[in-house]
Every structure is written in C-alpha cells, then in structure tokens.
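> Based on what follows, work out the 3D shape:
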Amino acid sequence: MTALIEHSQHDVLERVHEVADIIAANAGESERLGRLSDASAQAVRDTGVVRMTQPKEFGGFESHPVDYLKAVIEIGTLDCSAGWVAGVVGVHPHGLAHGHRELQEELWSEDPDTWIASPYAPLGRARPVDGGYQFSGQWPFSSGTDHCAWVVIGGMVVDSEGAVADPLPKHFVLPRSDYEILDDSWDVMGLRATGSKDIVVRDMFVPAHRVIDTQGLADGLPAHDPSREGNPLYRMPRNVVFQGAICAGTVAAARGTLAAFTAWTRTRESRAGKSSMDTYQLAALGAAAADIDASMLHLLTDVERVFDMCVRGETVPLETRLEVRRNQVAASHRAIAAADSVFKLSGGGALQMRNDLQRQWRGAQAALHHAGNQAGYVHQAYGLNLFGHAIPDFVKV
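Model (predicted):
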C-alpha cells in the first residue's frame, strides 16, 4: 500500500512546486521511454493531484474543480506529458464516484493512491450473463496506463447475435489482471511520454457492480451512488469536468512552450543581436503570453461558474454546457496558436531534440488532436442548439 500523503487540496500546488525539478528533469527520459519515468510518475503521484476529484471517504480531497485544473496546468507547464497524465488519470475519480459503492471500495479502500486508466470510447462489446457481462474489445489512447492498476473503458451491450441492444454506452471497470497493454502501439510525434498505448480485453467477465450507466452523467446526475447527490463536485456535468481536464492539459502544453521559448530566448543571439531585445520576438512573446493567459482564465472562469450553479443545487442546462464547451475548444485553439507564433521565431537551434522547446511544442500539437478539442463539431452543436435544432449524439456536452 502506498503511504498516504497528509495534505489537503490546498497543499497540492505547493507539492507541485516541491517536485517541479524532478518532473522537468525527467521529461527527456520519459519521452525516450514512451511513458512517464518511474521517478516522474512518483513525483506526480506525490503531489496528490490524482486524488483531487476523489471522494473524501476513500482518501480523496473533493477539491474545487478549479484547484484541480490549476494543478494540472502547473504540472503540464513543466512537462506536457506529465500534465496530460495528471489531467486524464486525475479526472477519472470524478466519474468513478458515480459508480457502485462496492466498486469504489475495491478501487480505493486498500490504496487511496490507486491510479485508473481509460479510454471511454465505446469500442467494447458486452454480452449479458448471470451477474454481469462477458466483455471484449480493443481501445487506443490509454494515457498513463503503465502506471495504473485498473482501467475504466467504454462499451456497448449486445444481444446473443452481437447486435447492439442498448444505444447508450456503459463504462466497464477492470483490474490490471483482466486486460493486456500493447507495448508497441504508441509511436507518435508528440505527448510521447503519456504512454497512451492500446489495451485489449479478451472475453473477460465484468460483474455488474463494476459497470456504470452513462445516463444522466452529462447532466450532473449521480448514477449509482445517491450519497453523492448533494455534493456539488459530483453534480458537475461529466463532460464539463472531463473536457475541462483535456483543455487544461492543452493550455498547459502551450504555456510550457512559451516558458521554454522564454528560457531559450534569454541567452540566444542571432545576426540581429540578442533575441531578448529583438522587436519582433518581444512583440510575439507579449501577444502569446496574453492569449495563453486569456485561454487559461476562460477555462477556469467557466468551471467556476458551473460549480457555483451546482453549489446552489441547480441543474446545469444544455445551453450552458454548450457554451462552456464552445469556450473550452476556443481556449485550446487560441493557446496553441499562441505557442505556434513564438515557436516559429525560435530559430534552427530550437529543433534540436535536446531542446525542451521543441518537445513542449510537439506536445501542444498532439494535444490539439484530442477529440475533445475538435472545435468544428462543438461550434456546430452550439449553433444548432441556438437556432432550435437537434445536436448530434456524438458531440459530448
């Protein structure tokens, strides 16, 4: 059992600052490994960020979601991959808090520092049997999976002929012994150290208490644990929180790119003289810093606004959720455009693989490819709803 870290959510940012040198120093090694190094993963674990959305009775902090997103951004500024894992793995307890109490006890009673991987894409097929389901499938993009002891993955219930019997996906939770990680499945240009490998489940039995219905989660309604109903953290609409973590990881990668550009520019010289005195680079730096700060503020202000609604016991309406998602994808794209604007002025030396600038920039490009950052579909859904039309089922709001 991992030793508990005795601190509240208010201490997490302090802990991030204490282990910052470890996370930053291991970024290159993590990228070479194609996963977070053991030292980097332990440093992230020691901050407590992954316990910030976890229920208190299972060793979590039940933090304000804004505090959680701030911690993700701070970690991702040091190393985009470490921030991405902190965001994706750290957001899972929020969803799992809606599961059966028996499941929560299995996950956290012995070790509150248990990490759970994903993804949620409903690629699995579950056939009902006595007491649960026989479950199979293969999923890409399981971020941080090498450091996780469980996984929560999406699937559809099928009949005896294999046809989908329920149009709503479910989340299936499995221990590490019940799935395989394909080690050679993650070879990408950015966010390499997230280790977002494929996982495979081969006809495993999943008991019913390890299955979470998704009905109502988008509206912020508890699924299986009514004791969460009065807690504003667990009344937060699922996609506002999950996609907020994706946005935080993306903005963090842009922020890290800007920080690396600033460090590189501080000592760089070109034919025009000191880069730190170059008019064009200074202009790009100032504009990029403003846009990245604006993106971060946009994200955090929206989450604060939704959380305040949940504190008042309100159900967050579709219109608000669409507005928040509109703003999140806009924030991600604005931040990455800002990162691009300074990277293209950084000169040939920034292309060296030993330069942190190119690694953070590649991570920023990769982050923008996440499905949650696909602005077109979200903006389309916002517009369709604005004019009284139905929005596509595949748009998560």
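
> can you give me how far stretch 373-393 is from the chain middle?
Centroid separation between stretch 373-393 and its chain, computed with C-alpha atoms, centre = their mean, to the nearest Å, is 22 Å.

> which residues are contacting it?
Residues external to stretch 373-393 that are found in contact with it (C-beta atoms under 8 Å, 6 or more residues apart in numbering): 246-247, 250, 318-319, 322-323, 325-326, 328-330, 332-333, 367, 394-395, 397. Yep, even glycine has a C-beta here, placed from its N, CA and C like the rest.

> Select only the buried ones of these in PyMOL?
With 16 or more other C-beta atoms under 10 Å as the burial test, the buried ones among the contacts of stretch 373-393 are selected in PyMOL as follows:
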select buried, resi 246+247+250+322+323+325+326+328+329+330+332+333+367+395+397
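
> Give me the subset of the contacts of stretch 373-393 that lies in helices.
The helices, defined by DSSP state H, take in 246-247, 250, 318-319, 322-323, 325-326, 328-330, 332-333, 367 from the contacts of stretch 373-393.

> which two from the residues you listed end up farthest apart in space?
For these, with distances taken as C-beta to C-beta, the pair at the greatest spread is 319 and 367 (27.3 Å).

> all helices of the chain, in order?
Along the chain, counting by DSSP H, helices occupy 12-18, 20-25, 27-33, 38-47, 65-78, 80-96, 101-108, 232-235, 238-267, 279-311, 318-343, 356-367, 375-386.

> Quick one: mean pLDDT over the fourth one.
When you say that, I think you mean helix 38-47. The pLDDT scores in helix 38-47 average 98.

> Also stretch 99-115?
97.

> That stretch spans what distance, first to last residue?
Start to finish, the residues bounding stretch 99-115 are 16 Å apart (C-alpha to C-alpha, to the nearest Å).

> Need the residues that contact that stretch.
The set of residues external to stretch 99-115 that reach it, using C-beta under 8 Å, 6+ apart, is 1-2, 4-5, 45, 50-51, 54-55, 58-60, 89, 96-97, 116, 144, 147-150, 171, 173, 209-210, 212, 223-225, 227.

> Can you give the distance of it from its chain's centre?
20 Å.

> about what we covered before: can you flag which of the contacts of stretch 99-115 belong to strands?
116, 150, 171, 173, 212 (DSSP state E).

> Which member of the residues you listed is positioned nearest residue 85?
Lowest distance from residue 85 to the ones in strands among the contacts of stretch 99-115 (C-beta to C-beta) belongs to residue 116, with 11.9 Å.

> That closest one: what's it in contact with?
So residue 116 contacts 89, 92-93, 96, 107, 148-152, 173 (C-beta under 8 Å, 6+ apart).

> Filter those residues down to the buried ones, PyMOL style.
Only the buried entries of the contacts of residue 116 go into this PyMOL selection, using 16+ other C-beta under 10 Å:
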select buried, resi 89+92+93+96+107+148+150+151+152+173
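
> which one among the contacts of residue 116 gets closest to residue 345?
residue 89 (34.3 Å).

> what's the neighbour count on the residue nearest to the closest one when sequence neighbours are not counted?
Excluding the flanking residues, the one nearest residue 89 by C-beta to C-beta, 6 or more residues apart in numbering is residue 144, at 4.7 Å. Look at residue 144: counted by other C-beta atoms under 10 Å, it has 30 neighbours.

> Assess the claim that residue 144 and residue 30 are in contact.
No - using C-beta atoms under 8 Å, residue 144 is not in contact with residue 30; the gap is 11.1 Å.
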